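> Next input, structure requested:
(chains A and B)
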Amino acid sequence: EDKVVQSPLSLVVHEGDTVTLNCSYEVTNFRSLLWYKQEKKAPTFLFMLTSSGIEKKSGRLSSILDKKELFSILNITATQTGDSAIYLCAVGPTGGGNKLTFGTGTQLKVEL
Amino acid sequence: DGGITQSPKYLFRKEGQNVTLSCEQNLNHDAMYWYRQDPGQGLRLIYYSQIVNDFQKGDIAEGYSVSREKKESFPLTVTSAQKNPTAFYLCASSIVWRTGLNTEAFFGQGTRLTVV
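The predicted structure follows:
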């Protein structure tokens, strides 16, 4: 059975801090790993990673994948209160019709 | 604007009643998905469909049914056989590449179902 584990489950930081969110996976036929941000209802797409060691960056957010160790990290630098959300990690298979398996998510709260 | 519309946003039903959640997309996506989200459990796949008139069970299909008569629409029925139906339900859609490459899924705003 495919498995995606995220850690920590939740954390609270102060504005300006840097945070690292973790995602490890055990899946058959891995093709890609995706990160989503869920602020209120609809998750919104952040990154898709398919190759090891290549960092993807968007503003203060960055992510990298390690296919040998089967994990990914999502970094957020200079956090702001608007970064408060649930961050979801998902893995997608080869074939399988884009059927994503999600982790439990990390609840991030950024305080002033 | 293109997107996915779920309705209603909130739904209350009595135990034992079937209820249908609506999901419509105008993104011209071939694939559509239904996920259930419970606190502390992330998103779990209920059903998905890659093409009209075809769909497959996900990880937690028991007690649910779907149809895909039109490309734009993928309604989910929560039946009385679903033992714990109170949850947040998310619908999503995506492109399906013939090469099998994964693509991002676009999500609707969700329906919160409460069964009393």
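> mind listing the strands in the chain by residue range?
Looking at chain A here, since you left the chain open. Along chain A, counting by DSSP state E, strands occupy A:3-7, A:10-14, A:19-26, A:30-38, A:44-49, A:56-58, A:61-66, A:71-76, A:85-93, A:101-102, A:106-111.
> The intended chain is chain B.
With DSSP E as the definition, chain B shows strands at residue ranges B:4-7, B:10-13, B:19-25, B:31-37, B:43-51, B:54-57, B:64-66, B:76-78, B:87-94, B:106-107, B:111-115.
> Alongside chain B, which residues does chain A contribute?
A:4, A:6, A:9, A:31-32, A:34, A:41-45, A:48, A:50, A:88, A:90, A:92-105 (CB under 8 Å from any CB of the partner chain). From N, CA and C alone the C-beta is placed, and that goes for glycine too.
> Any stretches of the chain with poor pLDDT?
Since you didn't name a chain, this refers to chain A. By pLDDT under 70, the weakly predicted segments of chain A are A:95-97.
> meant chain B, my bad for not saying
For chain B (pLDDT under 70), the answer is B:1-2, B:98-101.
> Point me to the residue of it nearest chain A.
B:N102 (3.4 Å; CB to the nearest CB).
> Run through the residues that contact the residue lying closest to that residue once chain neighbours are set aside.
The shortest distance from B:N102 to any residue other than its chain neighbours is 3.4 Å, reached at A:G92 (CB to CB, 6 or more residues apart in numbering or on different chains). By CB atoms under 8 Å, 6 or more residues apart in numbering or on different chains, the contact list for A:G92 reads A:R31, A:S32, A:L33, A:L34, A:N98, A:K99, A:L100, A:T101, B:N102.
> What residues are bridge-paired with A:I73?
Beta-bridge pairing for A:I73 (DSSP bridges): A:N22, A:I64.
> and the residue of chain A nearest chain B?
A:G92 (3.4 Å).
> about what we covered before: comparing the strands of chain A, which comes out most buried?
Ranked by mean neighbour count under mean count of other CB atoms under 10 Å in any protein chain shown, these are led by strand A:85-93, which reaches a mean of 24.
> now that strand, how far from the chain's geometric center?
5 Å (CA atoms, centre = their mean, to the nearest Å).
> Listing partners with orientation, what would you give for it?
strand A:30-38 (antiparallel), strand A:101-102 (antiparallel), strand A:106-111 (antiparallel).
> would JSON lines of the ones you listed with distance to B:Q6 be doable?
JSON lines is the format used below for the strands paired with strand A:85-93 (distance: least, CB to CB, whole Å):
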{"stretch": "strand A:30-38", "distance to B:Q6": "15"}
{"stretch": "strand A:101-102", "distance to B:Q6": "18"}
{"stretch": "strand A:106-111", "distance to B:Q6": "23"}
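> Compare those and give me the one nearest A:I73.
Closest to A:I73 of the strands paired with strand A:85-93 is strand A:30-38 (CB to CB; 9.8 Å).
> residues in contact with that closest one?
By CB under 8 Å, 6+ apart, strand A:30-38 touches A:23, A:25, A:43-50, A:63, A:65, A:67, A:70, A:72, A:74, A:85-94, A:100, A:105, B:100-102, B:104.
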